[in-house]
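Peer 1: Have a look; sequence and predicted model below, questions after that.
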Amino acid sequence: MGDFVIRPYQSADRQSVRNICYETGFMGEPVDWLWPDKESFADLFTIYYTDVEPESAFVVEAISDDRTGDSRQPNKIIGYLTGCIDTRKIPSHIDIAFKHLFMRALPLRPSMARILWRSARDIVVDAVAMHTLLQNELIDPRWPSHLHIDLLPEARGKGVGRMLIDTWINRLVEVGSPGCHLRTLAENHNAIKFFETVGFSKWGDPTPVPGFRTRQLERMHVQSMVRPL
């Protein structure tokens, strides 16, 4: 592995971002065992950022020194940060999910049926228990912006995550955002510890995520974290 550079997202990076999203979708590990359909998972967590607000996305590009003949090997995207300046503009995950449910007939696919029906059951149970539905994002004028960050294993432990966060925070300061939030799995203790080291703090109690389970089939939860600017 050679050096790396953080740069603005380009349209040619779209598939790399989608691949990384899927390869790191379960607390930094591949999510295929839990969510077998790659396209719907990538759409849920990347399509708004790459297709609607690409100016708020950044990628980590590994600079390869390997050469084959007279040509340099293509550089590899090893991580990304996608962001949204105004969270009120983000579409609901439910809207994206319904597109796949009906246009691609996901409930009829045996590989997806279990998590989809489990998600539907969880939504009903949680709505009854908590008298509310899980919000797509935290809507609060104190922290109107939000981010998602994912790194492949070869990008971790090198300060890349902190550099991405700093790049995003600088953009928010430039546009005058008063604060930023994120949502991560409460069971992902390493991620929470990292976000705390870059200035975020927990906000509110963890809430259950429909359909998501640990490998031991225990319910998983989402934790909101915030950082004023």
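Peer 2: Good, I have the coordinates. Numbering: from 1, shown residues only.
Peer 1: What score does L152 have for pLDDT?
Peer 2: pLDDT for L152: 98.
Peer 1: Hmm, I20 and it touching each other?
Peer 2: Yes: the criterion here is C-beta atoms under 8 Å, and L152 meets it with I20 at 6.0 Å. C-beta here means a position set from N, CA and C on the backbone, and glycine is covered the same way.
Peer 1: joint contacts of these two?
Peer 2: 78-79 (C-beta atoms under 8 Å, 6 or more residues apart in numbering).
Peer 1: what pairs with the biggest strand by length in the chain, and is each one parallel or antiparallel?
Peer 2: Counting by DSSP state E, the longest strand found in the chain is strand 201-213. Applying DSSP bridges to the sheet, strand 201-213 is found paired with strand 219-228 (antiparallel).
Peer 1: ok so, going back, look at L152 and I20 and report which has more neighbours.
Peer 2: I20 (23 against 20; other C-beta atoms under 10 Å).
Peer 1: Please state the backbone phi and psi of that one?
Peer 2: I20 adopts backbone torsions of phi -60, psi -40, taken as degrees, to the nearest 10.
Peer 1: Contacts only, for the residue nearest in space to the middle of the chain.
Peer 2: For the chain, the residue sitting closest to the mean C-alpha position, by C-alpha atoms, centre = their mean, is H148 at 4.1 Å. By C-beta under 8 Å, 6+ apart, the contact list for H148 reads 45-46, 49, 81-83, 182.
Peer 1: So what's the gap between the longest strand of the chain and the chain middle?
Peer 2: Put simply, strand 201-213 sits 14 Å off its chain's centre (C-alpha atoms, centre = their mean, to the nearest Å).
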